[in-house]
Structure formats: C-alpha cells, structure tokens
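**Student:** have a look at this fold, sequence not included:
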C-alpha cells in the first residue's frame, strides 16, 4: 500500500509506473497466454473496478487479495503483467473534469493500443478519449534500462554537473539560459556561469553552468526522471540530444566545441560518468552520457 495523498499528478503517475516495473520482475500469479489481449481479459474478468475514497495505491499482491481496486490499482497490475510478458508499456494520465489513468501497450503488429481496465475498453484508433488531454506518459522500465546501461544508479560519488543550452536563435538562447537558472534554483542549486557562447552563423547557442555546490547522485535521478518522463516520450528526446562534454567538478573556459582527450578524462574523473542537461524549446532534458571507455 502506497499513500498518494499530497503527491502531484505526475508524481503519482511515476509511482504507479515504478511500482509496475518492480512487480514485473516478480511472480504475479498469472499463468495464461502471454499476449496482451489474454492478459487484459484476465484483469477485467477477475478484478472489479471500485472508486476509492482514500488516495492510495494498492500494489499487485494487495489487489490479488482484495479482488477490486480503482483505476491506479488495476493499471499497475495490468502494466506489470504486460511488462513481464515482454511488451513495451506506458501509464497514461489524462485530464478533463476528472483525472484518469489507463495503460498503453505496444504490439509489433498493431502499434500502440489503449487498454482501460476501469471501463473494460480497448481502443486501437482513439488513444485519447474525446474531451480529454494528455497530462503525461510514463514508460514502464525504460528509465531503469537507461540508468542501468550507464551504470548511473551505482555511483556513490557527489558530482558537479555541467549544463548546456542549445537553441535556434539568440533570443531563444537567452530565454533558455534564464530557464536553466530558474530550473536549478528549484532544486536549491545556485548556478554560476562559466561563459556564454553564441554562434550566429550556425544559429546555435551554448552556455556552460556550474552549480555552486555538488549534487548528490540521487538528485540527478530526480531531475532526470521528472523532466524526461514528463515529456512527450523517451526516445524522441534521446534523438534530439546534443551535449558537449565538460569535466565534472571543473569547467573548461573554451567555447562550445571544446574537446577533452580520453587521457584527461581518465585522470580527472576515473569512474565518473559524464553528465549533461539539454534545454530545447523551453524544455529541460538531462542526458546521462555513455561511460568512459576503459
């Protein structure tokens, strides 16, 4: 049982997604066919939807015992089963006069399919109910896969990150710079400028910002997950990222295209991974760069 009261909508959605991914690695007491339709039918036939007065997420083992739950409870168990079966899965949060969550599953043959265990509806064409707007899509397990691939979650060091702003015009660039400062201050970090560079010919601006204090790895996790998963999709932003490397705990005084040799990296960072934050079109995105080749 996880208390959701007091959490923002996006935080609630993230909790549901993380809980589903957690239980996708465990025995969920489903032994039927591993296709999305059979799994969905298992949920709607064996569990009843019931609106809860308290804002609580009942995890899959509790749902199995109770045999009823609200949209968050049913979606969490459904998403866990689909993820365990090997599907790409998202938790979608929508809003109108009321807030609602349901599951998106990706079928190689049919594309994305909306599964709503609360209403027992399947939709392959209209993925958003009429009159509703999407608040957020949370991919199940994708964040953990990215973090694991970069060994980011294993770091115990406190590191200083370097942020870069890219834009298509000087005015947008300056606006993005101010947004970057505001963003860091939200996390209690007072940024210190290390220099600003704008290439008028190529219409690309870059700024390197060194926070005035080091940031715990857990805080980078929060920044990365909050911004990336509260966007239009994980892979879309990965494709757009363009981040230049500047060493952690020190800032290069050179311009945007500074290059650092592997020897310098190894001497200064050893096992630390490279971290960067991308701002584009007013949206902040953090990329964890690949681990330095040994």
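**Tutor:** That came through fine. Note that this is a predicted model, so its numbers are computed, not measured. Numbering: from 1, shown residues only.
**Student:** which intervals of the stretch 101-250 of the chain have sub-threshold pLDDT?
**Tutor:** Applying pLDDT under 70 to the stretch 101-250 of the chain picks out residues 142-250.
**Student:** for whichever strand or helix holds residue 14, packing partners?
**Tutor:** Using DSSP states H and E, residue 14 maps to helix 9-23. If contacts are counted by 3 or more Cβ pairs under 8 Å, 6 or more residues apart in numbering; DSSP states H and E, helix 9-23 sits against strand 56-57, helix 71-84, strand 88-95, strand 99-107, strand 133-139, helix 217-229. Using the backbone N, CA and C atoms, a C-beta is placed for each residue, glycine as well.
**Student:** for those, which one ends up most surrounded?
**Tutor:** helix 71-84 (a mean of 26; mean count of other Cβ atoms under 10 Å).
**Student:** name the nearest residue to residue 123, ignoring sequence neighbours.
**Tutor:** Of all residues not flanking residue 123 in the chain, residue 114 sits nearest, at 4.2 Å (Cβ to Cβ, 6 or more residues apart in numbering).
**Student:** what is the burial count for the one you found?
**Tutor:** Each residue near residue 114 was counted by other Cβ atoms under 10 Å, and the total is 19.
**Student:** and the host helix or strand of it, which residues are buried?
**Tutor:** Per DSSP H and E, residue 114 falls inside strand 111-116. Across strand 111-116, burial judged by 16 or more other Cβ atoms under 10 Å covers 113, 114, 115, 116.
**Student:** now, which of those residues sits nearest residue 32?
**Tutor:** residue 115 (15.5 Å; Cβ to Cβ).
**Student:** dump the residue contacts of that closest one.
**Tutor:** 36, 40, 78, 102, 103, 104, 105, 122 (Cβ atoms under 8 Å, 6 or more residues apart in numbering).
**Student:** switch to 10 Å and redo it
**Tutor:** Contact analysis of residue 115 by Cβ atoms under 10 Å, 6 or more residues apart in numbering lists 36-37, 39-40, 43-44, 74-75, 78-79, 82, 89, 92, 102-105, 121-123.
**Student:** now do residue 110
**Tutor:** Applying Cβ under 10 Å, 6+ apart, the residues contacting residue 110 are 36, 124.
**Student:** again, only using 7 Å
**Tutor:** residue 124 (Cβ atoms under 7 Å, 6 or more residues apart in numbering).
**Student:** give me the distance between it and residue 86.
**Tutor:** 15 Å (Cβ to Cβ, to the nearest Å).
**Student:** could you chop this protein up by domain?
**Tutor:** 2-140, 149-288 (automatic domain parsing).
**Student:** can you give me the pLDDT of residue 62?
**Tutor:** pLDDT for residue 62: 92.
**Student:** now it: which helix or strand?
**Tutor:** helix 60-66.
**Student:** same for that helix, what does it pack against?
**Tutor:** helix 71-84 (3 or more Cβ pairs under 7 Å, 6 or more residues apart in numbering; DSSP states H and E).
**Student:** which among the helices and strands packed on helix 9-23 is found nearest to residue 11?
**Tutor:** Of the helices and strands packed on helix 9-23, nearest to residue 11 by Cβ to Cβ is helix 217-229, at 8.5 Å.
**Student:** if I pick the closest residue to residue 136 other than its chain neighbours, what's in contact with it?
**Tutor:** Residue nearest to residue 136 in three dimensions, not counting chain neighbours: residue 93, with 4.8 Å by Cβ to Cβ, 6+ apart. By Cβ under 7 Å, 6+ apart, residue 93 lies in contact with 9, 13, 99, 101, 135, 136.
**Student:** what about the nearest residue to the third one once chain neighbours are set aside, how many residues nearby?
**Tutor:** I take that to be residue 99. Once flanking residues are discounted, residue 99 sits nearest to residue 9: 6.4 Å by Cβ to Cβ, 6+ apart. Residues near residue 9, counting by other Cβ under 10 Å, number 15.
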